[in-house]
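Asks: My questions are about this predicted structure, shown below with the sequence.
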Amino acid sequence: MGELILCKENTAANPFYLDEGSLNVYSIEELSYYIENNVLFLNVDFMSLELINWIDHQLHMTDLAEGLRQLLGEGASLDQFLGLILQEGGFCSTLEMKNVLLAAQSVANKTKEEMQKMRGDRMLAKGNPLGAIYLYRKIFAEGNRKNISDGDLASVWHNLGTAHARLFQFEDATISFEEAFNIGHRFESKRQMVFAVICSEDEKMIEHICEKYGVSEDELKHFEWEITESKKDAGTVLAFDKETRQMVIDEWKHQYRLQSSV
């Protein structure tokens, strides 16, 4: 999990797999650590009989399992469910536990689409644009745009454009940034749209975007100059040589297999 965690309670012979985090946990301490660091991405699906039975049969924490079963039967809230786990786990301090439960309460009223956006943003921040695209597209595919504000919807489109651009999918990036600008009217979305369409090297598309959004020839030249300058940075994706690009493509394939696995 990236850090050394001292486990004082029983360690499971068989781990519990956490779908949201795509990882296995073997102890109540690891479970508590996961909750503390991922509380904003948990929902009521976390309150499962599978988890309770694992705590009971693998960690042999029968009292905790019975308490969780009672809460589940009473229709308790997510923060109550998490609170009992953290209390019995003894991993978090009182202040840390309070902060975790306040965070759980803060997302309790968020829509599924808002939670989906948060997960996509997290994927993007962690360097997984393919995973982010998958999550952002789910918001649109499920046809529930009415459950997300215009501001958040514009942000989804903008971040979707960013994800496509990181995968060199500049035409898709252009379309996404255009949608973001049309909804949110943010200059940064328009700016990234022009960058993306220039990188697409589609002359007709460049002409269309410039004409539609009033990008003058001087402005276009300035955008092109910015891109040229960015190429001088060895760390930018635009400066990748053929070998490096192939490495990136191989990584995309790896990420795709991860996302497509069942």
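Replies: Cool, got the structure.
Asks: Could you grab the helix/strand/coil label for residue 92?
Replies: Under DSSP: H, G, I helix; E, B strand; the rest coil, the three-state class of residue 92 is coil.
Asks: Give me the nearest residue to it, chain neighbours excluded.
Replies: What sits nearest to residue 92 in space, not counting adjacent residues and going by C-beta to C-beta, 6 or more residues apart in numbering, is residue 86, at 5.1 Å. C-beta coordinates here come from the backbone N, C-alpha and C atoms, glycine included.
Asks: Could I get the pLDDT score of the one you found?
Replies: You'll see residue 86 listed with a pLDDT of 93.
Asks: Likewise for residue 175?
Replies: So, for residue 175, pLDDT stands at 96.
Asks: what's the spacing between it and residue 181?
Replies: Distance of residue 175 to residue 181, computed by C-beta to C-beta, to the nearest Å: 11 Å.
Asks: do residue 85 as well
Replies: 44 Å.
Asks: can you list the domain ranges for this structure.
Replies: Domain assignment for the chain by automatic domain parsing gives 11-106, 112-260.
Asks: rank those by pLDDT, which is bottom?
Replies: domain 112-260 (a mean of 82).
Asks: Mind listing the strands the strand ranked longest in the chain pairs with, and their directions?
Replies: In the chain, with assignment by DSSP state E, the single longest strand is strand 11-18. Strand 11-18 has the following strand partners under DSSP bridges: strand 23-27 (antiparallel).
Asks: For residue 215, which three-state class applies?
Replies: coil.
Asks: Can you verify my assumption that it contacts residue 208?
Replies: No. Counting by C-beta atoms under 8 Å, residue 215 stays clear of residue 208, with 10.6 Å between them.
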